[in-house]
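Enquirer: prediction below, plus the sequence it came from.
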Amino acid sequence: LVFLGPGEAARAQPAAGIGLSGRRPGAAAPTVLQTDNYEIICEAGAESAQFIGQYMERLFVAYTERLGRLRGSTRRMPKLKVFVTASRQSFEQLVGADMANASGMYDQRRQRIVVRTDGPQERTLRALRHEGCHQFLSQYIRRNMPLWIDEGLAVFFEEAELLGERFEFGSAPAARVDLL
């Protein structure tokens, strides 16, 4: 895995013709960042694309460590796509009006994650962890997993915390404990 260190040049570039819907005329083209396992198409700029690319690669390590032994094939898979929108309008145009209030979604038919960055950062990161798990399971383990496994694992990863370079699992989310 390649993580960008301080002062390293990103492999991010403007995405001519990518077609993230909802872009205002004259607005800058989305940035495309290629990582080892992901293609990040980001309306929120090159710095956000770099951050999300690094974050997703760390998630990929966590998914592989926790779920990799379930994987039947060792062949190289195509890069996983992550669309990062900067506005509710862009998000809605990619996922549909019925999902407009969501923070993110995994579109299994198109094999892509779509997330919004127009709210709190933690909301976006939770969506990336959750939807990224659906994507990993679908692309690397098995399509059409039983819903209880698919959703249960996605919630498990959604609650993970990034501590340094690695994700930690198993702590009870304070907001959920407060509900008790």
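Expert: Received, thanks. The model shown is predicted, which means the values in this text are computed figures rather than measured ones.
Enquirer: where does the prediction get shaky in the chain?
Expert: 1-27, 70-76, 173-177 (pLDDT under 70).
Enquirer: so which residue is dead centre in it?
Expert: For the chain, the residue sitting closest to the mean C-alpha position, by C-alpha atoms, centre = their mean, is residue 128 at 3.6 Å.
Enquirer: tell me which residues touch it, please.
Expert: Counting by C-beta atoms under 8 Å, 6 or more residues apart in numbering, residue 128 makes contact with 52, 55, 56, 59, 82, 104, 113, 115. (Each C-beta comes from the backbone N, C-alpha and C, glycine too.)
Enquirer: make it 6 Å
Expert: By C-beta atoms under 6 Å, 6 or more residues apart in numbering, the residues touching residue 128 are residue 115.
Enquirer: quick one, what contacts residue 39?
Expert: 79, 81 are the contacts of residue 39 under C-beta under 6 Å, 6+ apart.
Enquirer: what's across from it in the sheet?
Expert: residue 34, residue 81 (DSSP bridges).
Enquirer: longest helix of this protein?
Expert: helix 46-67 (DSSP state H).
Enquirer: look up how far residue 146 lies from the residue nearest to the centre of the chain.
Expert: 23 Å (C-beta to C-beta, to the nearest Å).
Enquirer: do residue 97 as well
Expert: 29 Å.
Enquirer: cool, residue 56 as well?
Expert: 25 Å.
Enquirer: who's more crowded, these two?
Expert: residue 56 (24 against 9; other C-beta atoms under 10 Å).
Enquirer: where do the helices sit along this protein?
Expert: 46-67, 88-95, 121-136, 147-158, 174-179.
Enquirer: in the second one, which residues are buried?
Expert: Going back to what we said before, that points to helix 88-95. 90, 91, 92, 93, 94, 95 (16 or more other C-beta atoms under 10 Å).
Enquirer: and the second one, what is it in contact with?
Expert: This points to residue 91. 85, 116.
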